Each structure stands twice: as structure tokens, then as C-alpha cells.
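Enquirer: build me a model from this:
(one chain, ligands or ions: 1)
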Amino acid sequence: MPSIRAPGAKKSTTLTVAVKCRPLRHKERGRDIVQVIESKEVLILDPDLSKDYLDRIRNRTKEKKYCFDHAFGPDSTNLEVYTKSISSIIPEVVQGLNVTVFAYGSTGSGKTYTMVGTKDDPGLMVLSLHTVFDLIKMDKRADEFEVTCSYLEVYNEIIYDLLEKSSGHLELREDPEEGITVAGLRCIKVHSAGKILELLNMGNSRRKTESTEVNATSSRSHAVLEISVKRKGRNKYPNQVLHGKLALVDLAGSERATETNNAGQKLRDGANINRSLLALANCINALGKQQKKGLAYVPYRNSKLTRILKDGLSGNSQTVMIATISPADIQYHHTVNTLKYADRAKEIKTHVQRNVGVVDTHVSDYQRMIDSLQTEVCQLKKKLAEKESELSSKPAEKAADDELSWLNIISHEISENVQERINLQKAMSELEETNLNNRSELQRLDDIISRHQAVELDGAIVKDLIARRLVILDNIRENDEAGINYQKEIEANEKQRGQLQGMIDEAVSRNGNKTYLRILSQYRLLGMANSELQLEVAMRDQVIRHQREGLKNLWNLLMGQGLDEKQISHLAVKQGLRIEGWTMTPLALVEKQSSSLTSSRPTSVGPSSGIEEPKLVTSPSAYSRDRSVDGKSNMCFGSPEKRDPYQSFLDMSSHASHGRSCISTSSAVSDLASGRRLVYKHIHSEMHIIFEQCN
Ligand SMILES: Nc1ncnc2c1ncn2[C@@H]1O[C@H](COP(=O)(O)OP(=O)(O)OP(=O)(O)O)[C@@H](O)[C@H]1O
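Expert: Below is the predicted model:
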């Protein structure tokens, strides 16, 4: 039986922002300029002591004051930070919700100390893991739990698995159902907090750290520890799985090259760290602005870090930002900078929704298939690398080795180039979509303005609408500018692709030997893996986006027509559909209600009938209804009083069972699976050629 899923309740919530000031260190001979007032306010004094009383009352000092959800002074322990700002949301993870905690601050401000901690003062990672396992212990009798753990780092814009001894480069994948995932990342099953802490320590020992002028063990990478908790009822709802995730993020510190005296590789690390943090700061800015300006574009795609943190910043996650600061006067600019972003982050809204899965969904089967294929591709790549290093250890092949390593570099650059192009093109299309929505809102506003101008006497509504119009025009202009920049990046990317291709062509024309054939095959394999990725992303995005749109429209139609849950269930059963996420089974409902339904066919619907407004407001139709100033519904399916809701549903579902289905996922999955098989076949034949050539 095809199935549809009822929309789960979404709760909007703002980011919780806490500030933690570390103690002044002995070697910092400066002055303490940070004061925490009543556990909420942070006062930063002017570092210039020569400013006198007069300067202060004339507002000529650089003194600044901010207010946050929580503020902790130098005497506060990690346990205090945990208890007051995080402990209340950690239990949500065991109930199928996502939680993200990240530490943000300049280098040496105490991020790692806060997240990881010490033996005497365990950090937030350690404390939250203990809570998760304590909660699982309490509910173990009634429910089954599966806990897995992954730990990654983003170093120089490359993702590494910290739970792998010698991890290769990992790629990000965008899954319309799961959000951003990392292909090939190890997820280890764990049964206790102790085991995770063991993995955490192992991962931390592999993390890239360096001694800088500012911090002796400065983290050079951004680290993300993710704990996934799947919960299945033993007796009640055995088909339902709640899937909560806890992401704990320790960012690398921002720094200025002039302050750290770094050069060479260290300088490059710093530039990449700053690039990611700048991208994060830009996203925080845009998201803060979005609360006031509506459809502003958020440039998540500008770094791997922001793509990984996307859900935590605006999606389905309850998020806590811990801004860490140093009390030293010489850190004044860094401190104010951190607090400025933390202040903006207070505006950010996320939309939390319980992740409820069904054990036998087709999509999850499909997801597993992709995951195992991705792992297989990673393993094959690893085998190839091993084989090549075996070959390169033979002295007779020294000349070939040089060529080999040259081509390895080229292969890697090609892979990066293709990834970047996919990313840029997706960014462009997201920008275009945002602007398309902006333009259609503009058009609607223009219509409403002209209608109101004709009838309104004092013009107050028109004034508001015109102000909104200006904001949208502003958004469009900013997005267009961003689009021009992306276009330039695409051109640069294409130029680089041409250069790489030219280098390969030249090498091939000079060498017709066996080594080159082998290496070229390897390059082709990489190319195939990339096209597979492209195809996968494009197909999954497109099919699932259509499905989602269709479903949203369907829900809007049904609920907007005034049907209640029972009536929808009844009709769904008649059409041979199963609705996931509702507690009453449709069959039981039909039996219970078959007689009453015929007589309870609604004669009047809409607000007066006491039927709740639908919660989904994301489709354009619902959006326009939500915002229409004249109070009339703008739904594209017609007004409730004009159409028979039963007939509408029957029309819709019969449309769904013909043509392009917007209800059943099975046809999309089979589309996807056949595309997938095709690619898989190609990869197999490609591998065959490679091994033949190798032997
Ligand atoms: N609350 C605290 N109590 C005592 N010492 C602290 C505290 N916070 C930080 N420190 C000390 O300050 C130093 C820098 O802290 P830490 O390494 O956590 O900074 P960071 O922000 O992670 O730096 P980077 O970004 O360079 O990795 C360390 O020696 C740490 O032990």
C-alpha cells in the first residue's frame, strides 16, 4: 500500500546564546576588562585606562554592554554552564529531536576547554553524553535503543574522519530527507558513555593542533562529534522509530596573521580557518537579518563548515551557541567581535520537529543502498591507493612513480574542481529560487497595493506595504550581486578545469605507456564517482522536492477544504493509501465511522466550523493566504465554499495515482533505483577495465 506522511508539529525556537569568560592566565600580564552582571549581562571595559570619567559620561569610551540568555564569569565551571544552559534540552535527543551545541570564539578563548574539558572539570561533550546514557538506562525496559557515534574534522576545507586511523578525504552529500550527510563517515555503535569518551579521546589525539603565539595547543580544525539515538517501542508502535541527533561542535579559533606570527602552512591553515569562520559569521548575519527582512539569501555553501552546521543554524535543531571570550585587555577587539556575532545569533530561529521514521519505508532502504555503495567506492579508492603505494616502493619503477604522484595530484584536483562546480551551481539555483520567490511576492504586493490605493483613505496599510516592497527590492538586489559573484567563481572554476584537462591531454600525447593507461583509468573512476554523485544529488533533490511540494499542496488542499483528520483517513483508506504519523489506524477508523461519515458530510467549513487552520505554511499558496492583508484566502485550489471537499480529495488522489504521483513514493524510488543501477553497472565495468590494465 502506498503511504503518505502526516505533517509533524513544528516548533519555532530561537538560538540559546550563552557567553563564557575564561580566567586570566598567568602569562597574560594585562588587565581584566570583562565583568559578568547577574548571570546575563556582559560588560566590556575600555582597554584604554587613560580615559577619564568625563570621557565616559560623554559616551566617548569603547565600553560595551550586551545581554544574553546566560553569562558565566571566570569562576564558573563547565558543569555550571552545562546545568544552566544545556541540560534541559539534552533529553530531547532521546525523544527524537535534534540538538546542536557549538562553541564560538577567538583563538585561546577556551572553546576546547568548554567542549572537551579536563579530568577535574569535564566539558560539555562529556557531560551531555552521560545524560544521554542515563536517560536511555531509565527507558530501556519499554524501548529499544541504538546509539551510534561519529567524529569528523574540517581541516583546510577538507573533511577527515577522526575515528579512522588514516582517513581519506570525505565528501558532503545533500540528502533531502536527512539533510547534509558525509559520505563514507564511520558511525560506530556504542553502548556506554565511556565507549564514546574513549572514541572522543582517540579522535582528539588525531585532531590537527599547532602551537601558535596565542595558544600552545591551538586547534587548527573544526571538530564535530555526532551522537545518533534511534528509539523503537518494544510493544507500543513497534513500526515507529524516533531518531534524535546530538551534534557537539568545537570550532577552530579565528586569528589574525599579524598576531600569530604564522607563516607557510600555518598561514594557509589560518586563512582556511578564517574562511570557514567568515562564512559562518556571514550566515549568522544573514540569518539575523532574515528575521527582519524575510527572504534574504543565506550563503551556507561558501564553506564546508557552514554546510555541516546548516541544520543547527536554521533547520530542524534546537541549538545552543557558547561564545567564549578572554578577559584580557589585549583581546578587546576579538572579544567585542565575538559578542557582536553572539548578539546577532540571538535573533536566529530554528524549527524543531520530531524525527519519526517508519521501519519499513522504501526511502530508508534506498538510503541504506546508497550508503553501502558510497562506502564501497571509498574502499575501492583506498585499495587503488594501496596498490599504487606497493608499486611505487619498487626502485625499478622510480620514473613511473613521479608520473604517478603527479597524476594523483591532478586526479585530486579534478575531483575538487568537480565538487566545487556542483556546489557553485547549486548555490546559483538556490539564489535564483530565492529571488523567484521574492519576485512573486513583489508582484502580489503590487497587486494588493494598487487595490488598497484605490479604496484606502489614510494610506497606513499602503505605507506598510510599500516599506515591505522596499525590503524585498533590497533582497533582490543583494541576491543579484551574490549571483554575479557566484557566476565569476563558476567561470574561474571552468577555467581551472580547462587547464587541468590541458595538462592531462599533453601528458597523454607524450606518453603512451601502460602506467599512463592505468592512471587514466583511475582518473576515469574518479570522474565516474563524481558523475554518480551529481546524478544522485540531482535525481534525489528533484524527485523528493516534487514529492514534498505535492504533499504540502495536498495537505493544504485537504485541510483548507475543511476536512478533519478522521475524514481524511477515511478517504485515504478508500483510495488505498496509508497515512503515516497518525495514531489511529485508518482501517479501524473506517469501521468505526463508516456510518457516521455519510451523515457527517460537512455542509459548512472554514473558521466558523471550528476546524483548525492547517499548520503548513511553506507552499506559495499557504504563504499568500498567511500574509494576505485583505483577509481573503489566496489558495490556488479555490475557496472552500465553492468546492465539495470530498470531490476535491478524490480528484487529487486519482490524479496522484495516474501521471506524476505526488503521493506515492514508490514510483520515484523505482526511478531512482533504475538510474542508480545504470551508474552502478558503469562503475563495475570501469573497475573491470582498471584491474585488467593493472595486471
Ligand atoms: N575556564 C577555564 N578555566 C581554566 N583554564 C581555561 C579555561 N578556559 C580556557 N582555559 C585555558 O586557556 C587555554 C586556551 O584554551 P583552549 O585551548 O580551550 O582555547 P581555544 O579557544 O580552543 O583555542 P584555539 O581556537 O586556538 O584552539 C588553555 O590553556 C586552557 O586550559
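Enquirer: pretty sure residue 438 contacts residue 479?
Expert: Yes. Using C-beta atoms under 8 Å, residue 438 is in contact with residue 479, at 7.1 Å. All C-beta atoms are positioned from the backbone trio N, CA, C, and that covers glycine.
Enquirer: tell me which of the two has more neighbours.
Expert: residue 438 (22 against 19; other C-beta atoms under 10 Å).
Enquirer: how far away is residue 90 from residue 114?
Expert: Distance, residue 90 to residue 114, by C-beta to C-beta, to the nearest Å: 16 Å.
Enquirer: got a pLDDT number for residue 547?
Expert: Per-residue pLDDT puts residue 547 at 65.
Enquirer: pLDDT of stretch 100-118, averaged?
Expert: Averaged over stretch 100-118, pLDDT sits at 91.
Enquirer: list the buried residues in it.
Expert: Using 16 or more other C-beta atoms under 10 Å as the test for burial, stretch 100-118 gives 100-117.
Enquirer: the host helix or strand of residue 350 pairs with which strands, and in what direction?
Expert: Counting by DSSP states H and E, the element that carries residue 350 is strand 349-353. Partners of strand 349-353 in the sheet, by DSSP bridges, are strand 10-14 (antiparallel).
Enquirer: return the strand it pairs with as PDB; C-alpha atoms alone will do.
Expert: The C-alpha coordinates for strand 10-14 follow below in PDB (Å, rounded to 0.1, in the frame of the first residue of the first chain):
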ATOM      1  CA  LYS A  10       7.000  22.100  14.100                       C
ATOM      2  CA  LYS A  11       8.000  24.300  16.900                       C
ATOM      3  CA  SER A  12       9.900  27.600  16.200                       C
ATOM      4  CA  THR A  13      12.500  28.400  18.700                       C
ATOM      5  CA  THR A  14      15.400  30.900  18.900                       C
END
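Enquirer: past it, which element shows up next along the chain?
Expert: Sequence-wise, the next helix or strand downstream of strand 10-14 (DSSP H and E) is strand 16-21.
Enquirer: what residues does that following strand touch?
Expert: Applying C-beta atoms under 8 Å, 6 or more residues apart in numbering, the contact partners of strand 16-21 are 34, 36, 42, 66, 68-74, 76, 81, 84-85, 89, 110, 114, 319-327, 339, 342-343, 345-346.
Enquirer: ok, and which of the residues you listed reach the ligand?
Expert: Applying C-beta under 6 Å from any ligand atom, the subset of those adjacent to the ligand comprises 110, 324.
Enquirer: was I right about residue 469 contacting residue 445?
Expert: Yes. Contact criterion C-beta under 8 Å: residue 469 and residue 445 qualify, at 5.1 Å.
Enquirer: of the contacts of strand 16-21, grab the buried ones for ChimeraX.
Expert: Command for ChimeraX, covering only those of the contacts of strand 16-21 found buried under the criterion 16+ other C-beta under 10 Å:
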select :34,36,42,66,68,69,70,71,72,73,76,81,84,85,89,110,114,319,320,321,322,323,324,325,326,327,339,342,343,345,346
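Enquirer: so how far is residue 103 from residue 150?
Expert: Residue 150 sits at a distance of 19 Å from residue 103 (criterion: C-beta to C-beta).
Enquirer: beyond the longest helix anywhere in the chain, next helix or strand please.
Expert: Looking across the chain with DSSP state H, the single longest helix is helix 398-455. Using DSSP H and E, the helix or strand that follows helix 398-455 towards the C-terminus is helix 460-510.
Enquirer: quick one, that next one and helix 398-455 angle?
Expert: Counting by axes from the mean of the first three to the mean of the last three C-alpha atoms, to 10 degrees, helix 460-510 lies at 160 degrees to helix 398-455.
Enquirer: could you say what helices and strands helix 460-510 packs with?
Expert: Applying 3 or more C-beta pairs under 8 Å, 6 or more residues apart in numbering; DSSP states H and E, we find helix 460-510 packed against helix 264-293, helix 398-455, helix 514-560.
Enquirer: what average pLDDT does that helix get?
Expert: Mean pLDDT, helix 460-510: 83.
Enquirer: now do the same contact list for residue 34.
Expert: Residues near residue 34 by C-beta under 8 Å, 6+ apart: 21, 42, 43, 44, 45, 73, 325, 327, 335.
Enquirer: make sure I have this right: residue 297 is in a helix.
Expert: No. Applying DSSP: H, G, I helix; E, B strand; the rest coil, one finds residue 297 to be coil, outside a helix.
Enquirer: now it: phi and psi?
Expert: Residue 297 adopts backbone torsions of phi -80, psi 130, taken as degrees, to the nearest 10.
Enquirer: likewise residue 309?
Expert: Dihedral angles of residue 309 (phi, psi; degrees, to the nearest 10) stand at phi -90, psi 0.
Enquirer: and it, how many neighbours?
Expert: 27.
Enquirer: repeat for residue 200
Expert: Neighbour count of residue 200, defined by other C-beta under 10 Å: 24.
Enquirer: and the longest helix of the chain, what does it pack onto?
Expert: If contacts are counted by 3+ C-beta pairs under 8 Å, 6+ apart, helix 398-455 sits against helix 362-392, helix 460-510, helix 514-560, helix 620-627.
Enquirer: tell me the SS of whichever residue of the stretch 301-450 of the chain sits closest to the ligand?
Expert: Closest contact between the stretch 301-450 of the chain and the ligand, by C-beta to the nearest ligand atom, is at residue 324 (5.7 Å). Secondary structure, three-state DSSP: residue 324 is strand.
Enquirer: about what we covered before: would you single out the least confident of the helices and strands packed on helix 460-510?
Expert: Mean pLDDT is lowest for helix 514-560 among these, at a mean of 61.
Enquirer: which SSE is immediately downstream of it?
Expert: Using DSSP H and E, the next helix or strand after helix 514-560 towards the C-terminus is helix 565-574.
Enquirer: now residue 461: closest residue in space, sequence neighbours ignored.
Expert: Residue nearest to residue 461 in three dimensions, not counting chain neighbours: residue 452, with 5.4 Å by C-beta to C-beta, 6 or more residues apart in numbering.
Enquirer: surely that neighbour meets residue 465?
Expert: Yes. Counting by C-beta under 8 Å, residue 465 is a contact partner of residue 452 at 6.9 Å.
Enquirer: span of stretch 23-33 from start to end?
Expert: 11 Å (C-alpha to C-alpha, to the nearest Å).
Enquirer: residues in contact with it?
Expert: The contact list for stretch 23-33 (C-beta under 8 Å, 6+ apart) reads 44-47, 49, 74-75, 326-330, 332, 335.
Enquirer: in this structure, which residue sits closest to the ligand?
Expert: For the chain and the ligand, the shortest gap (C-beta to the nearest ligand atom) falls at residue 253, measuring 2.3 Å.
Enquirer: that'll do, ta.
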